[in-house]
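> sequence and predicted structure below; questions after.
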Amino acid sequence: ALEARGLEYILGARERTSSVVRQIVLDLDRTAMVPLVLERRHGETQIWVKEVKIGKGKDARRFIVTYNEAEAEKARADRQQVIDSLQKNLKKGDKALLGNGAFKRYLRKASTGAAFEIDAGKLAEETCFDGISVVTTNAKITALQAVIRYRDLLQVESLFYKAKATFDTRPIYHQTDAAIRGHVYCTFLALVLAKELMRLCEAHGFQPEWQPLINDLDRLQQVTIEKDGRSITTRTHVTGQVGSAFQAAGIALPAGTRNS
């Protein structure tokens, strides 16, 4: 549908369930991977990248395969923890395994004795996917650019999560299309402003934690007191990194107390 409308896309592929990805992109293609170093907030991450095309000409499907050694090691460690726990539970009896989704994927029916046993074949198959991720794209960009842009999309996804958790976005049942568009627009605007504020803060040499910063900003209040025909406006004390955030954004804090 996206291609029919002439739109470019970068989409994550399902490595385990897509037959095309499993058989051609992962199993059959032996193209050498190219190293790529990505700068992150806490150091650098090295990944390996290769491009695989299926088909010819304009109808060729383009896949970008990446391998992240750090993520592969984490996947192996996480799986080993599951296996260790699974072996202990197998000794307790089969009932201890019921209802545990993490266990089911590594089990099979035993030929003799107990009802279940560890599926060695499944374990070997899972290791093939450690650290591997695949995206497909029709964009006219290099494989390395596709990987970097897809990671940006992951950052957008993370921001939408923050919109729900941090901005306390709740389900709103709209009655009109205009209200839906307005809701999406306001949410997206909040995300843009949050990202821009963090960018300005980083440019000024500090990286505040988002939730504590929001809490400090929420405590910054201003009130006007009127008495005997006079009015005085005062604000609460600046706490945390509020002052630094205002400075990074180029906004002057109002005076602590002033006549209105």
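Yes, it's here. This one's a predicted model, so the numbers in the text were calculated from it and none came from an experiment.
> separation between E209 and E202?
Look at E209 and E202: by Cβ to Cβ, to the nearest Å, they are 13 Å apart. (Each C-beta comes from the backbone N, C-alpha and C, glycine too.)
> tell me which of those two has more neighbours.
With neighbours defined as other Cβ atoms under 10 Å, E209 and E202 compare such that E202 has more, 13 against 10.
> for the more buried one, helix, strand, or coil?
For E202, the assignment made with DSSP: H, G, I helix; E, B strand; the rest coil gives helix.
> quick one: buried residues of the helix or strand hosting A72?
Using DSSP states H and E, A72 sits within helix 69-92. By 16 or more other Cβ atoms under 10 Å, the buried positions in helix 69-92 come out as E71, A75, R79, L86, N89, L90.
> hey, C-alpha coordinates of it in CSV?
Output in CSV follows, covering the C-alpha atoms of helix 69-92 (Å, rounded to 0.1, in the frame of the first residue of the first chain):
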residue,chain,number,x,y,z
GLU,A,69,27.6,-8.3,19.2
ALA,A,70,26.7,-6.6,22.5
GLU,A,71,23.0,-7.5,22.0
ALA,A,72,24.0,-11.0,21.0
GLU,A,73,25.9,-11.5,24.2
LYS,A,74,22.9,-10.2,26.2
ALA,A,75,20.5,-12.5,24.3
ARG,A,76,22.8,-15.5,25.1
ALA,A,77,23.0,-14.5,28.8
ASP,A,78,19.2,-14.0,29.1
ARG,A,79,18.5,-17.4,27.4
GLN,A,80,21.0,-19.2,29.7
GLN,A,81,19.1,-17.8,32.7
VAL,A,82,15.9,-19.2,31.3
ILE,A,83,17.5,-22.6,30.6
ASP,A,84,19.0,-22.8,34.1
SER,A,85,15.6,-22.0,35.6
LEU,A,86,14.0,-24.5,33.2
GLN,A,87,16.3,-27.3,34.3
LYS,A,88,15.5,-26.7,38.0
ASN,A,89,11.7,-26.7,37.2
LEU,A,90,12.0,-29.9,35.2
LYS,A,91,13.2,-31.6,38.4
LYS,A,92,10.2,-30.4,40.3
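> what helices or strands is it leaning on?
With contacts defined as 3 or more Cβ pairs under 8 Å, 6 or more residues apart in numbering; DSSP states H and E, helix 69-92 has these neighbours: strand 43-54, helix 101-104, strand 116-118, helix 120-127.
> residues contacting the nearest residue to C128 once chain neighbours are set aside?
In space, C128 comes closest to L26 once its chain neighbours are excluded; the distance is 6.8 Å by Cβ to Cβ, 6 or more residues apart in numbering. Going by Cβ atoms under 8 Å, 6 or more residues apart in numbering, L26 touches E15, V65, C128, F129, I132, V134.
> ok so L26 is a strand residue?
No: using three-state DSSP, the assignment for L26 is helix, not a strand.
> relative to E15, how far out is it?
For L26 relative to E15 (Cβ to Cβ), the value is 7 Å.
> shared neighbours of these two, which are they?
F129, I132, V134.
> which non-adjacent residue is nearest the last one?
What that stands for is V134. In space, V134 is closest to A13, 4.1 Å off (Cβ to Cβ, 6+ apart).
> can you read off the pLDDT for that neighbour?
Per-residue pLDDT puts A13 at 85.
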